[in-house]
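Peer 1: model the structure of this input:
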Amino acid sequence: MKPPPDDGSPGDAGRDVGTQRAMFSQDLRELAVRFAECPVRLGELLEATQGRGFNLLLVLITLPFLTPIPIPGFSMPFGVVVALIGARSALGKKPWLPRKLLARQLPAGFLPKLLGAASRVVRLLEWFLRPRLVFLHEQVVYRRLAGVLVAVSGLYLLLPLPVPFSNGLPAWTVLLLSAAAMERDGVCFILGCASFVFTTTFFVLLAVGGVQALNHLGHAVPWIQ
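Peer 2: Numbering: from 1, shown residues only. Here you go, the predicted structure:
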């Protein structure tokens, strides 16, 4: 079966798989060098990732959130970017971002620091990713499913919760699904789906626990009701 054309969305295949695998870390190093000493706008970063499309952009913007500690200053704008890209992919449309988001400026030296701090994750991805179960990326239904999961994960990132792992869990889901699409790795796609289920369970339990805590507080302090 002939692979589908790449429109740059989270569920779509990229360029030749052999070239992809060899170029992953090289693309990241080139981006780090290009924006080493100057501020970078999100639009400029997107232009620099055209070889990989929006998947590499998703990988880059989720890297800061892989720690248990939430990052409130970045999670909301980046969550909007992730949600928009995922939603358009789920609808079968090319990714699009509003000019206001594309004009958002990231600090000077942001990329080198980010890639330096996340170098272990990048090396792990490059070692692990390879074309497997390719049919998961050739069939439309799975590509649309990936878009839905990425969009919902972006909405999770938007939640202003000062709770450990509230950013990290959805970020891992987006990272796995985007990396899977870049390398047409069906195993990584399945891991991304499993990560989404775990993440959703986490947020459901968090919501249930919050409601129960408010109920207990209401009983303990009647004037709150």
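Peer 1: neighbours around G43, how many?
Peer 2: 15 (other CB atoms under 10 Å). Placement of C-beta: from N, CA and C, glycine included.
Peer 1: so how far is C188 from it?
Peer 2: According to CB to CB, to the nearest Å, G43 and C188 sit 28 Å apart.
Peer 1: quick one, what contacts the residue nearest to the spatial centre of the chain?
Peer 2: With distances taken as CA atoms, centre = their mean, V174 lies nearest the centre of the chain, 3.2 Å away. The contact partners of V174, taken as CB atoms under 8 Å, 6 or more residues apart in numbering, are 10, 58, 62, 82, 86, 150, 153-154.
Peer 1: same question, R29
Peer 2: L115.
Peer 1: what's the helix or strand for it?
Peer 2: helix 17-34 (DSSP states H and E).
Peer 1: and if you look at A194?
Peer 2: Applying DSSP H and E, one finds A194 within helix 186-220.
Peer 1: and the residue nearest to Y142 when sequence neighbours are not counted, how many residues sit next to it?
Peer 2: Nearest residue to Y142, sequence neighbours excluded (CB to CB, 6 or more residues apart in numbering): L136, at 4.7 Å. L136 is flanked by 23 other residues according to other CB under 10 Å.
Peer 1: distance of L136 relative to K94?
Peer 2: Where K94 is concerned, L136 sits at a distance of 21 Å (CB to CB).
Peer 1: and for P112?
Peer 2: For P112, the distance to K94 - CB to CB - is 30 Å.
Peer 1: over to N167?
Peer 2: Distance from N167 to K94, by CB to CB: 27 Å.
Peer 1: how about the helices in this structure?
Peer 2: Taking DSSP state H to define them, one finds helices in the chain at 17-34, 42-48, 54-62, 72-90, 99-102, 110-117, 119-128, 135-138, 140-158, 168-183, 186-220.
Peer 1: could you find the closest non-adjacent residue to S166?
Peer 2: S166 sits nearest to P70 (CB to CB, 6+ apart), 5.4 Å away.
Peer 1: could you list the low-pLDDT ranges of this structure?
Peer 2: By pLDDT under 70, the weakly predicted segments of the chain are 1-25, 50-52, 72, 213-214, 216-225.
Peer 1: give me that answer again for 90
Peer 2: 1-57, 59-81, 92-131, 134-139, 158-166, 182-184, 206-225 (pLDDT under 90).
Peer 1: quick one: contacts for L133?
Peer 2: So L133 contacts 185-187, 189-190 (CB under 8 Å, 6+ apart).
Peer 1: again, only using 6 Å
Peer 2: G186 (CB atoms under 6 Å, 6 or more residues apart in numbering).
Peer 1: and what of L111?
Peer 2: L111 touches 31-32, 35, counting by CB under 6 Å, 6+ apart.
Peer 1: what subset of those residues is buried?
Peer 2: For the contacts of L111, a burial check counting by 16 or more other CB atoms under 10 Å picks out 31-32, 35.
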